[in-house]
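[1] give the three-dimensional model of this entry:
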Amino acid sequence: MTHDTATIRGLAGLHQHHLADLRASGLADETIIASGCYTEDRHGFISAMLNGLAYPKSRGPALVIPFREPTGELNGFRRCKPTIPAKNKAGKPIKYLSPKDTPSRCYFPLGIGDTIADRAARLLIVEGEKKTLAGMQAGFPTIGLTGAWNWKLGKGADRLIADLEAIAWDGRPVFIVFDSDAAENENVRLGESRLAAQLQARGASVKCVRLPSGPDGAKCGLDDFLLAHGKAALWPLLDSAEDPEPAEVQKTPARDLDPMPEARRFLAECATHDDGCLTLRFWRDEFHAWRDGRFSRFTETELRARLMLWLDSFACDVTRNVAANVLEGVRAQAIVGSHREQPTWLDLDSPPFPADEMLAMRSGLLHVPSMLRGEPCSLPATPHYFAAGALDFDFDPAATCPVWECFLEALWKDDRESIDTLAEVFGYLAMRRTEQHKLFMLVGPTRGGKGVVARAMKGTIGGSNVASPTLASLGGPFGLSQLLGKSVAIVADARLSGRADAVAVTEELLSISGEDDRPVNRKNLPILPSVRLPVRFVILTNELPNLRDASGALLGRVVLLRLTESWLGREDRTLDRKIQAELPGILNWSIRGWERLRRRGHFIQPASGGELLAELAAVASPVGQFVREQCIVGPHNSVTVDDLFAAWCSWCEASKRRETGTVQSFGRDLHAVVATVKAKPRKAGGEYHREYDGISLR
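    Purely as a prediction, here's the structure:
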């Protein structure tokens, strides 16, 4: 038996269970007959199974509801309400069988065609076929949806929209009468607002009716309301109907996104400055974001979170894989070659000034040489300038620093040379030049002012430019990684534990201060095989560090400032705050020092630190000290290896040095101190022995 013949069988074609259910909704038998509903018979049941539409036999045949075009022409069927009630896994009654043999679409009851032709006629839109029939029976032109949720994306909305196109909506008054749970159910409200948006886009005047709940708060649909209150009670609800909530933007399925265009759009919307330059860069396997005039590391975790939120604003079903693909596109378009060194200019064919002569501040860039010449020297802050640090204040050419200058006078009484050298050090560190190949030491007693000087230095240079390593950490596996992106390293309270780490640290200090390329091992990131670290070291210590440098090369790079007075027990606790308030003035003081250094071309070691520098040389290279005190160096001098080593051992014993080493280690250090010394075999008295040429004992 076909569906078409079944629609005319009337009540005889309905199972008693289905007939009772329809009558319970307040539908008259005439309405039920006009709807064409029928119960699927055994032949239809078998046909459904053969067509892959089987359902558990225990549920029995289903109620079939014919679906029509507004003209009354059949276009499909809906199978629902098995004869034996059943519940799903969540415990809710099963209304429709799955899979469905009809896609979601609008339900147009017989007789609606003439009404919808009149644009002035009000129209009700409800959830479900029974509610549609109840509305029509009460005299209200009504069309139905197969559920409010159908207007959620991906739930058949395209087919429903096609059905709506059959109606002339322009100027039509429409009332959405969803079930009473619309006030609390987020999904229902979402469907309601999206349906309203579709109708309003077609010119309809849309209102939302709020049905009251049934007894004990039970959900109430239009059929329940009409059955309980009659059609007269519906008019006040129509008169008090509300405007619909604004509809959410329909989202694109994330799987349909193309990663590279979306990455470009993300950068354009979220990471582009007003001048068109990107504020997000991927450099040396890490992201860097521009803010307050500087680029700083931006964790990939935080970037991925922001990217997920951005994608979620216009796409649905955003997954980690989708975000990862777009993130790869961001990485590719924001990359800066790892060979580039900070500071540098990006995306400019003709940079206005050399990058390493700029001072970066929160709101601008200052070219110091041009300022000193009285020429135009300032630029607005821009991400074209790729640097990791910036000052935390703006340049003020009129600023002074009287408290700071009084403090320095107290540190170095009658030692103007040390004060001037400190100004040159501050200026040299504020700029990003490294051609002097120097490292700096402040040696003095506890509470001698070293910390105050270091904090003023950090403030003047910019905290984001400064690293704070320990000497021991430099010799560790990841010690150099903390120096990436920094221009100054301030080592407070320098200590070394022994010879092994002293040698490793000395090698690193020599290499970095000499601008040699170094491999940098980073935790959980790829090794950078060859990197120049433009870092200048400032070492603060109460005692001379136990650096081991037999050649004396490192000592030739040290500028040492000595502090002699201690303020222990009589500290000025407000001094730091006062000095920090003078940072713009201290910067001007530093620039004057840098200009003085630039004209001279080199640093001058203050005489007050000369004695300590000699002691440091003795600590760093005891063999060098032994040569200076006990030996004569010259091309015509010679001494046996055994005699010189024996003299070395005696000197170590007299100097209370515990370790003398071996003949071989002594010879290695000796060659580092005096490169012209050579060890050669000599024959004397019929025996061979080794001699050093170019040196002899006094």
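
[2] and the longest helix for the chain?
    helix 583-600 (DSSP state H).

[3] buried ones in it?
    583-595, 597-598 (16 or more other Cβ atoms under 10 Å). (Glycine included, C-beta is placed from N, CA and C.)

[4] ditto for stretch 209-217
    The neighbour-count check on stretch 209-217 (16+ other Cβ under 10 Å) flags 209, 211 as buried.

[5] so what would you say the end-to-end distance of it is?
    18 Å (Cα to Cα, to the nearest Å).

[6] now swap in stretch 68-76 and tell me
    End residues of stretch 68-76 are separated by 7 Å (Cα to Cα).

[7] quick check: mean pLDDT across it?
    In this model, stretch 68-76 has a mean pLDDT of 84.

[8] how far out from the middle of the chain is that stretch?
    Chain-centre distance of stretch 68-76: 55 Å, with Cα atoms, centre = their mean, to the nearest Å.

[9] that's a helix at Phe287, yeah?
    No: going by DSSP: H, G, I helix; E, B strand; the rest coil, the assignment for Phe287 is strand, not a helix.

[10] so which pair among the buried residues of helix 583-600 is furthest apart in space?
    Leu583 and Arg598 (22.0 Å; Cβ to Cβ).

[11] before we move on, back to that, and the longest helix of the chain, how far out from the chain middle?
    For helix 583-600, the distance to the chain centre is 37 Å (Cα atoms, centre = their mean).

[12] just stretch 557-574 next, same as before
    41 Å.

[13] which residues touch that stretch?
    Residues from elsewhere that reach stretch 557-574, judged by Cβ atoms under 8 Å, 6 or more residues apart in numbering: 410-412, 418, 421-422, 425, 437-450, 510, 513-514, 603, 605-606, 608-609, 611-613, 616.

[14] so which of those are in strands?
    Among those, DSSP state E puts 439-443 in strands.

[15] highest neighbour count among those?
    Leu442 (27 neighbours; other Cβ atoms under 10 Å).

[16] who's that residue bridged to?
    Counting by DSSP bridges, Leu442 is bridged to Leu540, Leu561.

[17] residue contacts, it?
    Contacts of Leu442 (Cβ under 8 Å, 6+ apart): 450, 453-454, 538-541, 561, 563.

[18] go again with 10 Å.
    411, 418, 422, 425, 448-451, 453-454, 457, 490, 492, 538-541, 559-563, 609 (Cβ atoms under 10 Å, 6 or more residues apart in numbering).

[19] could you do Ala617 as well?
    Counted by Cβ under 10 Å, 6+ apart, Ala617 has contacts 544, 547, 549, 552, 554-556, 558, 624-625, 628.

[20] just the buried ones out of these, please.
    So, by 16+ other Cβ under 10 Å, the buried ones in those are 544, 547, 549, 554-555, 558, 624-625.

[21] in CSV, list those along with secondary structure and pLDDT.
    Below are those laid out as CSV (DSSP: H, G, I helix; E, B strand; the rest coil; pLDDT from 0 to 100):
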residue, secondary structure, pLDDT
Leu544, coil, 80
Leu547, coil, 77
Asp549, coil, 75
Leu554, coil, 79
Leu555, helix, 81
Val558, strand, 92
Gly624, helix, 89
Gln625, helix, 89
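
[22] pull the most distant pair out of the residues you listed.
    Every pair of the buried ones among the contacts of Ala617 checked by Cβ to Cβ; the farthest is Val558 and Gln625, at 16.0 Å.

[23] buried subset of the contacts of stretch 557-574, written for ChimeraX?
    Here is the ChimeraX command that picks out the buried ones among these, judged by 16+ other Cβ under 10 Å:
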select :411,412,418,421,422,425,438,439,440,441,442,443,444,448,449,450,510,513,603,606,608,609,612,613,616
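
[24] mark which of the contacts of stretch 557-574 are part of helices, please.
    410-411, 418, 421-422, 425, 450, 510, 513, 611-613, 616.

[25] one step back: and which of the contacts of Ala617 is nearest to Cys220?
    Leu547 (86.4 Å).

[26] ok, back up a step: adding distance to Thr662, write the ones in strands among the contacts of stretch 557-574 out as CSV.
    CSV is the format used below for those (distance: Cβ to Cβ, whole Å):
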residue, distance to Thr662
Leu439, 31
Phe440, 35
Met441, 31
Leu442, 37
Val443, 32
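
[27] out of these, what pair is the most spread apart?
    Leu439 and Val443 (13.0 Å).

[28] overlap in contacts, these two.
    Common contacts of Leu439 and Val443 (Cβ under 10 Å, 6+ apart): 539, 560.

[29] how about the helices of the stretch 151-300 of the chain, start to end?
    157-164, 186-201, 222-229, 234-239, 259-270, 300-312 (DSSP state H, counting those that start in this stretch).

[30] any chance of TSV for the ones you listed, columns mean pLDDT and mean neighbour count?
    Shown next, in TSV, are the helices of the stretch 151-300 of the chain (pLDDT from 0 to 100; neighbours: other Cβ atoms under 10 Å):
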stretch	mean pLDDT	mean neighbour count
helix 157-164	66	16
helix 186-201	84	19
helix 222-229	93	20
helix 234-239	94	14
helix 259-270	93	16
helix 300-312	93	15
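
[31] indicate which one of the ones you listed is closest to Leu123.
    Using Cβ to Cβ, those put helix 186-201 closest to Leu123, at 9.6 Å.
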